[in-house]
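Visitor: I would like the atomic coordinates for the input below:
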Amino acid sequence: MATRRIVDEPAYILHAYDWSESSLILDVFTCHYGRVALVAKGAKKPTSNFRPVLLPLQPLRLAWGLAGEVGQGEIHTLKAAEWVGGHVLPTGDALLSGLYLNELLLRLLAREDTHAQLFDLYAGVVRVLGSGAHGEALEPVLRAFELLLLREIGLLPALDAETATLGALAPQSRYALVAEGGLRAAAHGERAALTGAQWLVLQRALEQGYTAVLRAVAGAGAPATGELKAQLRALLQYHCGSPLLRTRQLMMDLQSL
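Guide: Modelled structure (predicted):
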């Protein structure tokens with residue numbers, strides 16, 4: 001019986017693991033099949049056609065033979081990989097940010113659970129990272145991705161009401177987004193919080209898509225973006241579990257130098 005194949009599938013490599021002296025296990029994010037595990041036999045050999053192609057944060061088209069039925073979490077065999085092109089590998093802060101996004105997807109997405117809209121969002125953000133975006137221009141892009149990722153996988157509460165009471169937000173009052181309590185009134189002196197009006201703007205933007213969310217985050221200003229960052233990072237880390245995200249630890253180590 002002929003081996004069934006998936007062909008010409010848009011994908012990005014999230015992480016590569018050594019497997020034997022010459023091969024790699026790849027964790028890839030695909031458009032139509034979600035996060036998939038593939039073995040790239042002989043990929044570490046100097047003569048391998050895979051070697052110059054299997055890089056993170058690069059758009060690829062992959063083909064693989066199915067080890068079992070799709071959805072069973074099997075490790076499939078990579079048959080072909082083609083670089084699609086379009087942008088160079090990000091560098092500096094943009095590279096670290098891209099690896100951070102990859103780690104989030106590895107920790108939060110179940111194997112072979114399709115997220116086509118999230119794939120398109122990720123591809124768009126990677127293009128921005130490859131364009132050389134950095135510094136202040138990069139922050140709104142990351143916050144928008146974090147918000148939409150949490151919403152896509154069902155971990156973001158509605159941002160137009162207090163989670164526990166479902167009460168309407170007071171525009172001038174401050175509210176904090178916390179892991180176990182959702183959106184709640186901020187305690188006195190609590191810094192990581194936004195006003196009700198700011199949360200309402202974000203909720204409306206989430207209903208319109210990435211461009212609207214990016215515009216809303218960018219328009220909030222640096223102080224509010226910083227407070228949103230702290231809340232989203234805490235929420236994401238809670239759902240990712242222990243240990244601390246490796247990319248976040250690396251960023252903190254670099255900032256302390």
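Visitor: from here on, contacts and neighbour counts on C-alpha atoms
Guide: Noted.
Visitor: any low-confidence regions in the stretch 101-250 of the chain?
Guide: 133-135, 248-250 (pLDDT under 70).
Visitor: try 80
Guide: 132-137, 242-250 (pLDDT under 80).
Visitor: can you give me the strands for it?
Guide: All strands of the stretch 101-250 of the chain, identified by DSSP state E, counting those that start in this stretch, fall at 174-178, 182-185, 194-195.
Visitor: Could you export the ones you listed to CSV, including columns for distance to L166 and mean neighbour count?
Guide: Output for those, formatted as CSV (distance: least, Cα to Cα, whole Å; neighbours: other Cα atoms under 10 Å):
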stretch, distance to L166, mean neighbour count
strand 174-178, 13, 23
strand 182-185, 10, 21
strand 194-195, 16, 21
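Visitor: okay, those strands in CSV with distance to V39 next?
Guide: Below are the strands of the stretch 101-250 of the chain laid out as CSV (distance: least, Cα to Cα, whole Å):
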stretch, distance to V39
strand 174-178, 39
strand 182-185, 40
strand 194-195, 45
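Visitor: And the helices in the stretch 1-150 of the chain?
Guide: For the stretch 1-150 of the chain, helices defined by DSSP state H, counting those that start in this stretch occupy the ranges 92-108, 116-130, 138-152.
Visitor: Make JSON lines out of the ones you listed and add mean neighbour count and distance to V217.
Guide: Listed next are the helices of the stretch 1-150 of the chain as JSON lines, based on neighbours: other Cα atoms under 10 Å; distance: least, Cα to Cα, whole Å:
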{"stretch": "helix 92-108", "mean neighbour count": "19", "distance to V217": "17"}
{"stretch": "helix 116-130", "mean neighbour count": "19", "distance to V217": "15"}
{"stretch": "helix 138-152", "mean neighbour count": "20", "distance to V217": "6"}
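Visitor: Distance to A187 for those - can I get that in a markdown table?
Guide: Output for the helices of the stretch 1-150 of the chain, formatted as a markdown table (distance: least, Cα to Cα, whole Å):
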| stretch | distance to A187 |
| --- | --- |
| helix 92-108 | 29 |
| helix 116-130 | 34 |
| helix 138-152 | 23 |
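Visitor: Which one, of those helices, ends up nearest to E9?
Guide: Comparing these against E9 with Cα to Cα, the closest turns out to be helix 116-130 (11.9 Å).
Visitor: and that closest one, how far out from the chain's middle?
Guide: Remark: helix 116-130 is offset 9 Å from the chain centroid, using Cα atoms, centre = their mean, to the nearest Å.
Visitor: Send me it as CSV with only the CA atoms.
Guide: C-alpha atoms of helix 116-130 as CSV (Å, rounded to 0.1, in the frame of the first residue of the first chain):
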residue,chain,number,x,y,z
ALA,A,116,-5.6,28.5,10.1
GLN,A,117,-6.3,32.2,11.1
LEU,A,118,-3.6,32.1,13.8
PHE,A,119,-1.2,30.7,11.2
ASP,A,120,-1.9,33.6,8.9
LEU,A,121,-1.5,36.1,11.8
TYR,A,122,1.9,34.4,12.7
ALA,A,123,3.1,34.6,9.1
GLY,A,124,2.2,38.3,9.0
VAL,A,125,4.1,39.0,12.2
VAL,A,126,7.1,37.1,11.0
ARG,A,127,7.2,39.2,7.9
VAL,A,128,7.2,42.3,10.1
LEU,A,129,10.1,40.9,12.1
GLY,A,130,12.0,40.1,8.9
